[in-house]
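> this one's structure only:
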Ligand SMILES: Cc1ncc(COP(=O)(O)O)c(C=O)c1O
């Protein structure tokens, strides 16, 4: 059955799984107490919270003490970067040139603490240039942050290699794994990563909850004071139901050994096949070009395109989003968080995409709700939308 809207914007957010909705509802009804309270309602909530923590930790190969609950990846990233750097004497902070605005915004605050910020350049596919590693990890570098799965162009970064190099040099390493986690669960204790941010709503969990994973040795200064929850790192009454939802969302994901393979498996093998089928179909249309790495080296649910008309003139990605939306297909131009704005994509700029083409980017990200019978329809409507954008340009 074809839904009213075929949703191809999983990198922006995802619909919660039925098991997630059920888990949340159950906790809201039966364990709504404050987990810090000493009466029965509080104890029920505390027990429920602990069960979710244990389940989440097991799914991620972590200990419960490694988890800090936050409101989402934006907060996790700020806690990681500002909480570590405000504790230390200033040095150089290095981040990839293709970070999410959550990281660039936190980095901007580091400069007011006396830190210098340097961008790690990427190649034309959006992948970190490892030939720059020695130079960038020299003193005074004290902290590095690299996005694991790039949201706009799907590039997967060699975070294990970078993490090992940082660890050998005593440099703190943070990764924003928000887009990677939905494609495979990591084994936290086996990774050379000091801090990792993730968000539940990207993996069919609830909006409003995320995690910062922190290795035990990392010293962190909390950004806010209060009741001392989350081991004192993040005060505020815990969202017990949302954490139950996160635990339920992690449960069906396949696990992924990042030390053996760079690309996560994909939430399901069916999803990966659908992505490959859809991509080949779209690439048959004139003026459609893949942006970022080849299918095997990118996020398994991710398609990023650059569009031109038959004369080779760039088509507007934002215009395509509107035309596809009118035809019942939800996609985004560039990264969804900034797609409300019309500014140039800093990610495409860092990849060296010609200025005239930077507005022609389109992103399609799939999830388990897509049926095989949707694919031909998407291709058909895509071709119609391109013709419509071209004729009105
Ligand atoms: C890579 C990446 N990091 C961080 C975020 C921010 O996540 P949240 O909405 O949970 O704050 C997003 C969301 O778009 C993202 O894609």
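Everything's here; your move. Since the structure is predicted, the reported quantities are computational estimates derived from the model, not experimental observations. Residues are numbered from 1 along each chain as shown.
> how about stretch 164-177: buried residues?
164-166, 171-177 (16 or more other C-beta atoms under 10 Å). In this view, the C-beta of every residue, glycine as well, is placed from N, C-alpha and C.
> tell me which element residue 80 is part of?
Residue 80 belongs to helix 73-85 when assigned by DSSP states H and E.
> okay, buried residues for the longest helix anywhere in the chain please.
For the chain, the longest helix by residue count, based on DSSP state H, is helix 40-59. For helix 40-59, the neighbour count (16+ other C-beta under 10 Å) marks 44-46, 48-49, 51-53, 55-57, 59 as buried.
> ditto for stretch 190-209
Under 16+ other C-beta under 10 Å, the buried positions of stretch 190-209 are 191-207, 209.
> cool, and stretch 55-75?
For stretch 55-75, burial by neighbour count (16+ other C-beta under 10 Å) applies to 55-57, 59-63, 66-75.
> can you check stretch 4-18 too?
By 16+ other C-beta under 10 Å, the buried positions in stretch 4-18 come out as 6-12, 14, 16-17.
> now do the longest helix of the chain: which elements does it pack against?
helix 18-30, strand 67-70, helix 240-250 (3 or more C-beta pairs under 8 Å, 6 or more residues apart in numbering; DSSP states H and E).
> give me the angle between that helix and helix 18-30.
Angle, helix 40-59 to helix 18-30, by axes from the mean of the first three to the mean of the last three C-alpha atoms, to 10 degrees: 160 degrees.
> and stretch 366-385, end to end?
End-to-end span of stretch 366-385 (C-alpha to C-alpha, to the nearest Å): 19 Å.
> what sits against the residue of the stretch 51-200 of the chain found nearest the ligand?
Closest residue of the stretch 51-200 of the chain to the ligand, C-beta to the nearest ligand atom: residue 72 (2.7 Å). Neighbouring residues of residue 72 by C-beta atoms under 8 Å, 6 or more residues apart in numbering: 199-201, 207-210.
> residue contacts, the nearest residue to residue 118 once chain neighbours are set aside?
Distance criterion C-beta to C-beta, 6 or more residues apart in numbering; nearest residue to residue 118, sequence neighbours excluded, is residue 94 at 5.1 Å. Contact analysis of residue 94 by C-beta under 8 Å, 6+ apart lists 117-120, 136-137, 141, 143-145.
> over to residue 345?
152, 334-335, 353, 358, 361.
> residue 118 in helix, strand or coil?
Classification of residue 118 using DSSP: H, G, I helix; E, B strand; the rest coil returns strand.
> how about the strands in the protein?
6-7, 67-70, 92-96, 116-120, 141-147, 172-176, 195-199, 210-214, 288-290, 302-307, 329-330, 361-365 (DSSP state E).
> each with direction, which strands does the first one pair with?
Using DSSP bridges, the strands paired with strand 6-7 in its sheet are strand 329-330 (parallel).
> related to what we said a few turns ago, export the buried residues of stretch 164-177 to JSON lines and tack on pLDDT?
Formatted as JSON lines, the buried residues of stretch 164-177 follow (pLDDT from 0 to 100):
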{"residue": "164", "pLDDT": "98"}
{"residue": "165", "pLDDT": "98"}
{"residue": "166", "pLDDT": "98"}
{"residue": "171", "pLDDT": "98"}
{"residue": "172", "pLDDT": "98"}
{"residue": "173", "pLDDT": "98"}
{"residue": "174", "pLDDT": "98"}
{"residue": "175", "pLDDT": "98"}
{"residue": "176", "pLDDT": "98"}
{"residue": "177", "pLDDT": "98"}
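> redo these as JSON lines? Include distance to residue 232.
As requested, the buried residues of stretch 164-177 are exported to JSON lines (distance: C-beta to C-beta, whole Å):
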{"residue": "164", "distance to residue 232": "30"}
{"residue": "165", "distance to residue 232": "31"}
{"residue": "166", "distance to residue 232": "26"}
{"residue": "171", "distance to residue 232": "25"}
{"residue": "172", "distance to residue 232": "19"}
{"residue": "173", "distance to residue 232": "23"}
{"residue": "174", "distance to residue 232": "20"}
{"residue": "175", "distance to residue 232": "24"}
{"residue": "176", "distance to residue 232": "24"}
{"residue": "177", "distance to residue 232": "24"}
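> keep only those residues that also lie close to the ligand.
Restricting the buried residues of stretch 164-177 to those near the ligand by C-beta under 6 Å from any ligand atom leaves residue 176.
> sweet, I'm off.
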